[in-house]
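Asks: Let's see this in three dimensions:
(chains A and B)
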There are 2 protein chains.
Amino acid sequence: MWPDNGLIEFAGIDLPIIQAPMAGSGGLEMALAVSGAGGLGSVGCALMDAATLEKTLEAASQATLRPLNFNFFTNDPPTAQPERDARWLRTLSGYFDEMEIQPPPELVTGLIEPFDDSRCTVLERAKPAVVSFHFGLPSSDLVDRVKATGAKVLSTATTVREAIWLAENGCDAVIAQGIEAGGHRGMFLTDDPLTQIGTMALVPQIADAIKLPVIAAGGIADGRGIAAAFALGASGVQIGTAYLYTREATISDVYRGALQGVKNEHTVLTNIVSGRPTRCLVNRVVRELGPMAKEPAAFPKGFKALAGLRNAAESTGNRDFSAHYCGQSAALANQTTAARLTRDLSSAALGRFNQLRP
Amino acid sequence: MWPDNGLIEFAGIDLPIIQAPMAGSGGLEMALAVSGAGGLGSVGCALMDAATLEKTLEAASQATLRPLNFNFFTNDPPTAQPERDARWLRTLSGYFDEMEIQPPPELVTGLIEPFDDSRCTVLERAKPAVVSFHFGLPSSDLVDRVKATGAKVLSTATTVREAIWLAENGCDAVIAQGIEAGGHRGMFLTDDPLTQIGTMALVPQIADAIKLPVIAAGGIADGRGIAAAFALGASGVQIGTAYLYTREATISDVYRGALQGVKNEHTVLTNIVSGRPTRCLVNRVVRELGPMAKEPAAFPKGFKALAGLRNAAESTGNRDFSAHYCGQSAALANQTTAARLTRDLSSAALGRFNQLRP
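Replies: Sure, this is the predicted structure:
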């Protein structure tokens, strides 16, 4: 039925659609709905400590026997750079004055910590079907331990070189993340956002370079994009932004409101909101300090730097300091539920294949 | 045979493939070969004065009865900005010293002049099948005069807003130029390269927004990309970079050599080489002054600023100062001829549709 069953067989699912992990924007409820509909639901675990992760995995295993994907960041914790932190806070000082709040006394990484032994131990007990990483892979012994649980391992490439590296270092499938994608670039062998590659160019080149299933991500929000991804050589897609429009999205009213009426040209790659390049809706702080600041706070301290401003502003409905992740195809999305979206995407893609028949 | 005959009928051609106009890199010989093979060959006329244009059109009409596309820039001539020019030349002064050549005494626009009355008069006599513009459209009276010759009018959109503007201002079809594309961004209602959109996201949104044929450009260099473009809602493609690898490309040995071994991550959007954002191979001057300089010489004076350095360096096989336009899918291209490439792309696309059949 599908032109390539690589992802379906890789993940043991019915429909070749991965709901992108979106820590903070989509939780277990969304993932369960997607997996229930036949796709692969993902839980972004970047904000969870080991105890929360354990509870989440327990809840998941009680709720479903279907495959789920649990996603972790693999960033190295930033080194102490008090002078750089202080410079960034000084850059923001006018905003703190304007909002009449105190800047944080220092920048901490907060709850975003990379995948480590304690989290791996939780996975060894819970044995999820799929484990995915962002920003490369953790150390090879952690990768080996995850694979020993029976989990399939997935990570994201933004260049052909990154895809080859992932294939050589234990991945069972690779997500080709085009520049259209919302959220953080998975880049880990390059830090230059201006040479990042569009989905149309990236997918076939990665498909030529590795023998693993390739999953297209970036700019895909309807059946046309899924059909195009298969045409390019992918065996499935990962879709994030369209799921922000579902009932299950755990996003603020301000974020939900900002997603209405988004046009294709309203998003930008910026390092202002976290310290790493991420695609967000343009807003005041991105316009005034970015989109690419020369020396923002190191990832993930950038979140902490803006947290107070963001919360104060959003409490009055203002998104001047928000990190509203959004891909370039948001305008193709509709209000729906996660299960219905998954099924509708699948039907639309199959219908599109039929229309392309010579 | 093709899922959508919009471009084929628009241009009166057999295969839904436009060879992108590439002033300086592909001349009449390439265009004739492509049109002879059933596609739409394009002649980039941005560097031609009216007399040269007239000779080219005469040669074309003697060589073929098939449709050809003649492409013009529509940029406003830059205002005199002697101080800005001088600042840019000072920025480059170390390079002039190093190469032991004199900087130009002043920056002139050179042969790149926008479409005007004299060029339009030539078209009125020669009556080409298709006339395309880059950077929007010329004044409405010039558009009306071109359309009155019977020519179909084509231009490039980099956002949905630009596509709607083109549809409302006389275009008969619109090229959706994704960020992957080599060469100059056609952008004319925005000047922000960081919000520019990937082909995967741009094509379906433009297809939803206008009723004209949509032609996908950017990142397409093989049958997979063409099939993907149709899946997204295009009725054809415009391909540039792959034609740089043909025998008919009128490029220097240094440029031809640089195209060998290009990887997906070796190109960047830069305003260094001309004054406007264009996708080129990364080289020394782009790395050291760009990729996006805050205030380069105004387009098209940037060409003139680097011309002496480029010529001196290329004469010794060095591409430090070159403008080697290149899209993100160069690695998919092969050495061939323009006619064979056109036919091979078409066969590969049709084969790809067959593979996608559910």
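
Asks: Can you report phi and psi for the residue of the stretch 1-150 of chain A found nearest chain B?
Replies: Closest contact between the stretch 1-150 of chain A and chain B, by CB to the nearest CB, is at A:Pro3 (4.8 Å). For glycine as for every other residue, the C-beta is placed from the backbone atoms N, C-alpha and C. Dihedral pair for A:Pro3: phi -70, psi -20, per degrees, to the nearest 10.

Asks: can you check the one 5 residues further on too?
Replies: Note on A:Ile8: backbone dihedrals following degrees, to the nearest 10 are phi -60, psi -40.

Asks: which non-adjacent residue is nearest it?
Replies: Using CB to CB, 6 or more residues apart in numbering or on different chains and skipping the chain neighbours, the partner closest in space to A:Ile8 is A:Pro16 (5.3 Å).

Asks: ok so, going back, my guess is the residue of the stretch 1-150 of chain A closest to chain B meets A:Leu232, correct?
Replies: No - the pair A:Pro3 / A:Leu232 is not scored as a contact, 11.2 Å apart, by CB atoms under 8 Å.

Asks: Neighbour count for those two, which is higher?
Replies: Neighbours were tallied for A:Pro3 and for A:Leu232 using other CB atoms under 10 Å in any protein chain shown; the higher tally belongs to A:Leu232 (30 against 19).

Asks: where does the nearest residue to that one once chain neighbours are set aside sit relative to A:Ala228, distance-wise?
Replies: Once flanking residues are discounted, A:Leu232 sits nearest to A:Val203: 4.0 Å by CB to CB, 6+ apart. Distance from A:Val203 to A:Ala228, counting by CB to CB, to the nearest Å: 9 Å.

Asks: same check, this time on A:Leu92
Replies: For A:Leu92, the distance to A:Ala228 - CB to CB - is 41 Å.

Asks: Repeat that for A:Phe299.
Replies: Counting by CB to CB - A:Phe299 and A:Ala228 are separated by 32 Å.

Asks: So these two - more neighbours on which side?
Replies: A:Ala228 (37 against 22).

Asks: Shouldn't that one be within a strand?
Replies: No - with DSSP: H, G, I helix; E, B strand; the rest coil as the criterion, A:Ala228 is helix rather than part of a strand.

Asks: I figured A:Arg343 was touching A:Ala37, is that so?
Replies: Yes - A:Arg343 lies in contact with A:Ala37 (CB under 8 Å); the separation is 5.2 Å.

Asks: Now do the shared contacts for these two.
Replies: Residues touching both A:Arg343 and A:Ala37 (CB atoms under 8 Å, 6 or more residues apart in numbering or on different chains) are A:Leu15.

Asks: For the spatially closest residue to A:Pro82 that is not a sequence neighbour, grab the count of nearby residues.
Replies: The shortest distance from A:Pro82 to any non-neighbouring residue, by CB to CB, 6+ apart, is to A:Glu106 (7.3 Å). When neighbours are counted by other CB under 10 Å, A:Glu106 registers 12.

Asks: Check A:Ala330 too.
Replies: For A:Ala330, using other CB under 10 Å, the count is 25.

Asks: pretty sure it is in contact with A:Val262, am I right?
Replies: Yes - with contact defined as CB under 8 Å, A:Ala330 and A:Val262 form a contacting pair (4.3 Å).

Asks: picking up where we left off before, more crowded one of A:Arg343 and A:Ala37?
Replies: For A:Arg343 versus A:Ala37, neighbours defined as other CB under 10 Å are more numerous around A:Ala37 (24 against 18).

Asks: pLDDT score assigned to that one?
Replies: For A:Ala37, the pLDDT comes out at 98.

Asks: Same check on the one 5 residues further on?
Replies: You'll see A:Ser42 listed with a pLDDT of 98.

Asks: do the one 5 residues further on as well
Replies: In this model, A:Leu47 is scored at 93, pLDDT.

Asks: Give me the domain ranges for chain A.
Replies: Following automatic domain parsing, one gets these domains for chain A: A:6-75+A:112-257+A:333-356, A:79-110+A:263-325.

Asks: So what's the gap between the longest one and the chain middle?
Replies: Looking back up the chat, that one is domain A:6-75+A:112-257+A:333-356. 7 Å (CA atoms, centre = their mean, to the nearest Å).

Asks: Now do the helices in the stretch 201-350 of chain A.
Replies: Ranges of helices in the stretch 201-350 of chain A, per DSSP state H, counting those that start in this stretch, are A:223-232, A:241-244, A:253-259, A:284-289, A:301-314, A:338-356.

Asks: Which strands or helices does the first one pack on?
Replies: Applying 3 or more CB pairs under 8 Å, 6 or more residues apart in numbering or on different chains; DSSP states H and E, one finds that helix A:223-232 contacts helix A:199-209, strand A:236-239, helix A:338-356, helix B:199-209, helix B:223-232, helix B:338-356.

Asks: hmm, who's touching that helix?
Replies: With CB under 8 Å, 6+ apart, helix A:223-232 has contacts from A:2-4, A:16-17, A:199-200, A:203-204, A:207, A:216, A:219-220, A:236-237, A:329, A:332, A:345-353, A:356, B:200, B:204, B:224-225, B:227-233, B:352, B:356.
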